[in-house]
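Asker: Test case, fold it:
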Amino acid sequence: MSSDFTIGVEEEYQLVDADTGALRSRARDVLTADWTAEIRPELQETTLEIGTRICDSAQELDRELRRLRFQVATTAAAEGLEIAAAGTHPFSRWEEQVTTSGGRYDRIVDRFRRIARDEHNFGMHVHVAVPPEQDRIALLNVVRVFIPHLIALCASSPFYEGDDSGYSSYRMVLWRRWPNSGIPPRLASRDEYRRFVDHLIRSGAIGDERNLYWGVRPHAIYPTLEFRVTDACPRLDDAVAVAALVRALVVAANEGVVVEPRCAGYSEAAEHAILANNEWGAMRYGLDARLVDPAADPDGIPVRDAIRRLVDRVGPVAERLGDGPALGRIETILERGNGADRMRRVVRAVREHHLLVRWLVAETMLGTGIDRRRAQRGAAA
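Answerer: Predicted structure coming up:
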């Protein structure tokens, strides 16, 4: 049943100074003050992570994210800190920060060196449960085609170390440096996936299954497909809308409503190269990207049109799931722009990156109960 395809979201928040807006490596202090045990550390001390409970609907997910953003913000405030949701911090440099020590984090830093030490990026991971009788690998082959659509919708990292990177999602540029990242390969079966993973582990190429950093992957522990390409969304409504789209996509793929487009006359390797090109285009241009259509139009398609086409396809599924209103907010993102578009408009207006952080903090809190709604609604909407 489609109701078995439950949903959950992880969000990574920037920990910033309440006065200057700079990144602060003080996650350990905040975690000490957390009495709920729902706030988690990450590789960097600049990051706080949450994971929602398993949700049956986008409406329930909305309530969870409001609750958790409020909880993290109030816990951080006790230490004179604030949180911001965006893919990268606009101006702080990595040399001023420290990594989290202990266990798995020490092993990551030892193996990956510089890219682990300077990796201050902040994402949203969307998990969709897949019932055990369904084939996650068959679904993976379908949904991976739509990774560029999700990147374009959620891009919120145009600024990095004080500069406009020229990208909508510079976070994804940083993430592409890691091995086993990017678009997952097309896999023939669950057996091939298991043989592939076991081969990499035995050869020492990866430590365990969690070292597959694909943009969407079968989770190593939970029975989910985990979508990892989305930047953290400043506005909570956007996060919920994209999560609703992801859930509807997985269910539609399971039902055959959305199928894997194949390129007539191309090998699987060439198809993969087309998808990787689309991924890069979404990283670079966001909602202004033009995608190579892997199955039809040789002239390509604007990503906004591709997203609208996808929403139309999965809309009836979302309605049946009760997620229609949340999915409807995808059009709002398409009309007013993603996080990166809005951040650039703010910087054009205020011309100071520390003021952009103030705006990001306010956006992150919008709708949580500790926001400044009237002022925010009128500012760079």
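Asker: Can I get stretch 323-336 in PDB? Just the C-alpha atoms.
Answerer: Taking Å, rounded to 0.1, in the frame of the first residue of the first chain, the C-alpha atoms of stretch 323-336 are listed here in PDB:
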ATOM      1  CA  ASP A 323       0.200  15.600   0.400                       C
ATOM      2  CA  GLY A 324      -1.400  17.600  -2.400                       C
ATOM      3  CA  PRO A 325      -1.300  21.000  -0.600                       C
ATOM      4  CA  ALA A 326       2.400  20.600   0.200                       C
ATOM      5  CA  LEU A 327       3.200  19.600  -3.400                       C
ATOM      6  CA  GLY A 328       1.300  22.600  -4.600                       C
ATOM      7  CA  ARG A 329       3.900  24.800  -3.000                       C
ATOM      8  CA  ILE A 330       6.500  23.600  -5.500                       C
ATOM      9  CA  GLU A 331       5.000  26.200  -7.900                       C
ATOM     10  CA  THR A 332       5.700  28.900  -5.400                       C
ATOM     11  CA  ILE A 333       9.400  28.000  -5.400                       C
ATOM     12  CA  LEU A 334       9.400  28.100  -9.200                       C
ATOM     13  CA  GLU A 335       7.800  31.500  -9.300                       C
ATOM     14  CA  ARG A 336       9.800  33.300  -6.600                       C
END
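Asker: quick one: terminal-to-terminal distance for stretch 85-100?
Answerer: Counting by C-alpha to C-alpha, to the nearest Å, you get 20 Å between the two ends of stretch 85-100.
Asker: starting at the chain centroid, how far to that stretch?
Answerer: Its chain's average C-alpha position is 17 Å from that of stretch 85-100, according to C-alpha atoms, centre = their mean, to the nearest Å.
Asker: Then stretch 95-105?
Answerer: In this view, stretch 95-105 has its centroid 22 Å away from the chain centroid, taken as C-alpha atoms, centre = their mean.
Asker: Surely Pro90 is within a strand?
Answerer: No - using DSSP: H, G, I helix; E, B strand; the rest coil, the assignment for Pro90 is coil, not a strand.
Asker: which one's the longest strand in the chain?
Answerer: Counting residues, the longest strand in the chain under DSSP state E turns out to be strand 7-17.
Asker: Show me what that strand is packed against.
Answerer: Under the contact definition 3 or more C-beta pairs under 8 Å, 6 or more residues apart in numbering; DSSP states H and E, strand 7-17 sits against strand 47-51, helix 58-77, strand 81-84, strand 123-129, helix 236-255, helix 353-365. No exception for glycine: its C-beta is placed from N, CA and C like everyone else's.
Asker: centroid residue for this protein?
Answerer: Thr230 (2.2 Å; C-alpha atoms, centre = their mean).
Asker: got a pLDDT number for it?
Answerer: Model confidence at Thr230, given as pLDDT, is 98.
Asker: what number of residues lie near the spatially closest residue to it that is not a sequence neighbour?
Answerer: Counting by C-beta to C-beta, 6 or more residues apart in numbering, Cys154 is the residue found nearest to Thr230 once chain neighbours are left out, at 3.9 Å. The number of residues packed around Cys154, counting by other C-beta atoms under 10 Å, is 33.
Asker: ok, back up a step: could you give the average pLDDT over the longest strand of the chain?
Answerer: For strand 7-17, mean pLDDT rounds to 98.
Asker: average pLDDT for the helix or strand harbouring Glu192?
Answerer: Assigned by DSSP states H and E, Glu192 belongs to helix 190-203. For helix 190-203, mean pLDDT rounds to 96.
Asker: How about stretch 145-161?
Answerer: Mean per-residue pLDDT for stretch 145-161: 98.
Asker: residue ranges with poor pLDDT in the stretch 1-150 of the chain?
Answerer: By pLDDT under 70, the low-scoring segments of the stretch 1-150 of the chain are 1-2.
Asker: Give me the next element, helix or strand, following the helix holding Glu192.
Answerer: Assigned by DSSP H and E, the successor of helix 190-203 is strand 213-214.
Asker: Direction included, what does that next one pair up with?
Answerer: The pairing partners recorded for strand 213-214 under DSSP bridges are strand 181-182 (parallel).
Asker: Tell me the gap between the partner strand and the middle of its chain.
Answerer: The chain centre lies 13 Å from the centre of strand 181-182; the measure is C-alpha atoms, centre = their mean.
Asker: Now Arg228. Nearest residue, chain neighbours left out?
Answerer: Distances taken as C-beta to C-beta, 6+ apart put His125 closest to Arg228, at 5.2 Å, once the chain neighbours are dropped.
Asker: hey, what's the one you found bridged with?
Answerer: Glu10.
Asker: shouldn't it be in contact with Val229?
Answerer: No - at 9.1 Å, His125 does not count as touching Val229 under the criterion of C-beta atoms under 8 Å.
Asker: In stretch 33-40, which residues are buried?
Answerer: Asp34, Glu38, Ile39 (16 or more other C-beta atoms under 10 Å).
Asker: tell me the contacts of the last one?
Answerer: Counting by C-beta atoms under 8 Å, 6 or more residues apart in numbering, Ile39 makes contact with Val30, Leu31, Leu48, Glu49, Ile50, Gln71, Val72, Thr75.
Asker: would you put the C-alpha positions of the helix holding Glu192 in CSV?
Answerer: Output in CSV follows, covering the C-alpha atoms of helix 190-203 (Å, rounded to 0.1, in the frame of the first residue of the first chain):
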residue,chain,number,x,y,z
ARG,A,190,19.5,-6.2,-5.7
ASP,A,191,22.0,-9.0,-6.1
GLU,A,192,24.3,-6.8,-8.2
TYR,A,193,24.1,-4.0,-5.6
ARG,A,194,25.0,-6.4,-2.8
ARG,A,195,27.9,-7.9,-4.8
PHE,A,196,29.1,-4.4,-5.7
VAL,A,197,29.1,-3.2,-2.0
ASP,A,198,30.7,-6.3,-0.7
HIS,A,199,33.4,-6.1,-3.3
LEU,A,200,34.3,-2.5,-2.4
ILE,A,201,34.4,-3.4,1.3
ARG,A,202,36.5,-6.5,0.9
SER,A,203,39.0,-4.6,-1.3
